[in-house]
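A.B. asks: kindly return the folded structure for what I paste below:
(chains A and B)
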Amino acid sequence: MMFTPRVTQKIAFGVLLAASLVVLLPVGVVVFVILKNGLGAISWEFLTEMPRSGMREGGILPAIVGTFCLVTGALLFALPLGLFAAIYLSEYAGDNRLNRVIRLAIVNLAGVPSVVFGLFGLALFVNFFRFGASILSGSLTLGVMILPVIITSSREALESVPKSFREVSLSLGATRLQTIKHAVLPHALPGILTGTILGVGRAAGETAPILFTVAAFYLPKLPTSLFDQAMALPYHLYVLSTQVPNVEAKIRYGTALVLLAIVLLMNLTAIAIRSYFRSRKKW
Amino acid sequence: MKRLKEFIVEWAVKASGIVSIVLVALIFFFLLKEGIFLFKTQGAGGFLAGRNWYPISEPPGFGILPLVLGSLLVTFGAALISIPLSVASAVYIAEIAPGWLKEVLKSTIELLAAIPSVVLGFIGMMTVVPWIRSTFHVPTGLTAFAGSVVLAFMAMPTMISIAEDALHSVPRMYKEGAYALGATHWQTIRRVILPAASSGIVAAMMLGIGRVVGETMAVMMVTGNAASMPKGILYPVRTLTATIAAEMGEAVQGSDHYFALFAIGIVLFVMTFMVNMAADLFLHRRRG
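C.D. replies: Sure thing, here's the model as predicted:
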């Protein structure tokens, strides 16, 4: 039986729509299942107390604090470096061999498996530099991992500033540096901010890079120095769900909820910033 | 003075750019530095083609073939699920969806990309794994198939967003030409737009698969971690990434086991490096 082209099109578009909805399914399932089972676990005590009885009771405060420290450390490393690299690629670099190699390096850095970053951090920061398993080693490892995210998004933000802005500034006698500082960076700021938030969200949720560089299985105290080990939310969730028997499901879901909430809130903020500034963009 | 400042900044930003090259080189160097020791006691052939991974028995076995096959099996399953769905929804988003739905779809896919892999692994353990156990009547739901399902969803955001870019970059004239000849929208998509965007779509699929090969936590949590030769998609397997993550904690620094895990890291690094390079070639061919 043959369909007319119009009917074929209806069927095809229906199938494509169905496929798109299937892609959305896991987001719905994850958010629904975690909210339904995890909301009951959330309380002031859960968020502000130390874990007790081998993590089967009490709260998750050290994991929250640990993740916060790691993310801050990663950002301190990756933001200046990534922003500078993006400025170089967008404002200074021509199309020569060095710059093509830099671009390829960034593409590859973005594709390195997260567990390989963990091995790298173990070999370089933990063993070679003798930082030991510490917040410093973990932050640097995560920083290396989010570097390509920050470079790529900052570069796109810088490159989307129209060329004429630069030309006007230069024609007024401004130097290259002044042009970048006053005519380019302010307009690229929302894009850079968005990319940075996305990078931070990624660092907060990654487990494999911190497995051997910082993460403590069970350490019911807050870190006091850069050289301390620390608990972290994603690793804590992994430990609770695979390594510790007889944990109440509520505690597992509660931990997953806190982690998911942090990461999704960051992403929603990034999306909001982007659409706000996109709607106000004048060029 | 002003000149000097300009000069310093120019060099500082250039140096920051070069850091990326240095980091890639450092990663490879440190993997080699530790991993190379394995090959002093064991040939590369025995490592890559050996069928026994018994890192702590006496005598130990460091053959990674079961792990490579485990990774390939999970990746193959994930590709079968994710490629058709990704292409379909990329076409839908790029060509068909009305404005508001497009925004909703794109934002939600971005959120899917943002969900930490350990959370997806956890939800996979709680939903996909019991479902497989009861549907297929197998003793455990922790199987290669569970890994494929979870990883398929992790690959899709990458695949969809890059494929969508490729579809968007097809020149408008192609589409208008097809319409002028009386083609319907669907005929235009199938016969004109998809072929024109094909190399970009291939690159998108490769990058998604590269992500699947390197994924660690989710796959470790749902595949059952059996480091033996995989028997099928409904049996537990162990991937390359999961082996490193699961065993590095116990490996004594400087032992053969420790070196072997770094050697696995080299294999992973080389695999993803090649996938990324090939995808980059495809992307540039599109532009050319």
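
A.B. asks: every contact and neighbour count from this point should use C-alpha atoms.
C.D. replies: OK.

A.B. asks: output the helix or strand bottoming out on mean pLDDT in chain B as CSV, nothing but the C-alphas.
C.D. replies: Taking mean pLDDT, DSSP states H and E as the measure, chain B has helix B:38-41 as its least confident helix or strand, at a mean of 82. Extracted C-alpha coordinates of helix B:38-41, given in CSV (Å, rounded to 0.1, in the frame of the first residue of the first chain):
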residue,chain,number,x,y,z
LEU,B,38,53.7,-3.2,33.1
PHE,B,39,55.3,-4.0,29.8
LYS,B,40,58.6,-4.8,31.4
THR,B,41,57.1,-7.9,33.0
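
A.B. asks: could you say what helices and strands that helix packs with?
C.D. replies: Where contact means 3 or more CA pairs under 8 Å, 6 or more residues apart in numbering or on different chains; DSSP states H and E, helix B:38-41 is packed against helix B:256-287.

A.B. asks: what is the neighbour count of residue A:263?
C.D. replies: A total of 23 residues lie near residue A:263 under the criterion other CA atoms under 10 Å in any protein chain shown.

A.B. asks: re earlier: residues in contact with the least confident helix or strand of chain B?
C.D. replies: B:256, B:259, B:260, B:263 (CA atoms under 8 Å, 6 or more residues apart in numbering or on different chains).

A.B. asks: and the gap between the closest residue to the third one other than its chain neighbours and residue A:26?
C.D. replies: In other words, residue B:260. The shortest distance from residue B:260 to any non-neighbouring residue, by CA to CA, 6 or more residues apart in numbering or on different chains, is to residue B:38 (5.7 Å). Using CA to CA, to the nearest Å, we find residue B:38 at a distance of 41 Å from residue A:26.

A.B. asks: cool, residue A:277 as well?
C.D. replies: For residue A:277 relative to residue A:26 (CA to CA), the value is 29 Å.

A.B. asks: please name the nearest non-neighbouring residue to residue B:76.
C.D. replies: residue B:148 (7.7 Å).

A.B. asks: what helices or strands is the one helix or strand that neighbour maps to leaning on?
C.D. replies: Per DSSP states H and E, residue B:148 falls inside helix B:144-168. When contacts are defined as 3+ CA pairs under 8 Å, 6+ apart, helix B:144-168 sits against helix A:5-38, helix B:65-91, helix B:99-114, helix B:117-126, helix B:128-136, helix B:198-214, helix B:217-222.

A.B. asks: what's near enough to touch the nearest residue to residue B:37 once chain neighbours are set aside?
C.D. replies: Nearest residue to residue B:37 in three dimensions, chain neighbours excluded: residue B:259, at 6.1 Å (CA to CA, 6+ apart). If you count contacts by CA under 8 Å, 6+ apart, residue B:259 has them with B:34, B:35, B:36, B:37, B:38.

A.B. asks: one more time with 10 Å, if that's ok
C.D. replies: Contact partners of residue B:259, counting by CA atoms under 10 Å, 6 or more residues apart in numbering or on different chains, are B:31-39, B:248, B:251-253, B:265.

A.B. asks: and it, how far from chain A?
C.D. replies: 11 Å (CA to the nearest CA, to the nearest Å).

A.B. asks: again, but for residue B:226
C.D. replies: The value you get for residue B:226 to chain A, if CA to the nearest CA is used, is 15 Å.

A.B. asks: if we can go back for a sec, want to try TSV for the contacts of helix B:38-41, with pLDDT as columns?
C.D. replies: Converted to TSV, these look like this (pLDDT from 0 to 100):
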residue	pLDDT
B:256	89
B:259	93
B:260	93
B:263	95
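
A.B. asks: out of the residues you listed, which comes closest to residue A:114?
C.D. replies: Nearest to residue A:114 out of these is residue B:263 (CA to CA; 15.7 Å).

A.B. asks: how many residues are close by the nearest residue to that closest one once chain neighbours are set aside?
C.D. replies: Nearest non-adjacent residue to residue B:263, counting by CA to CA, 6+ apart: residue B:35, 4.2 Å away. Neighbours of residue B:35 under the rule other CA under 10 Å: 23.

A.B. asks: residues in contact with residue B:35?
C.D. replies: B:29, B:256-267.
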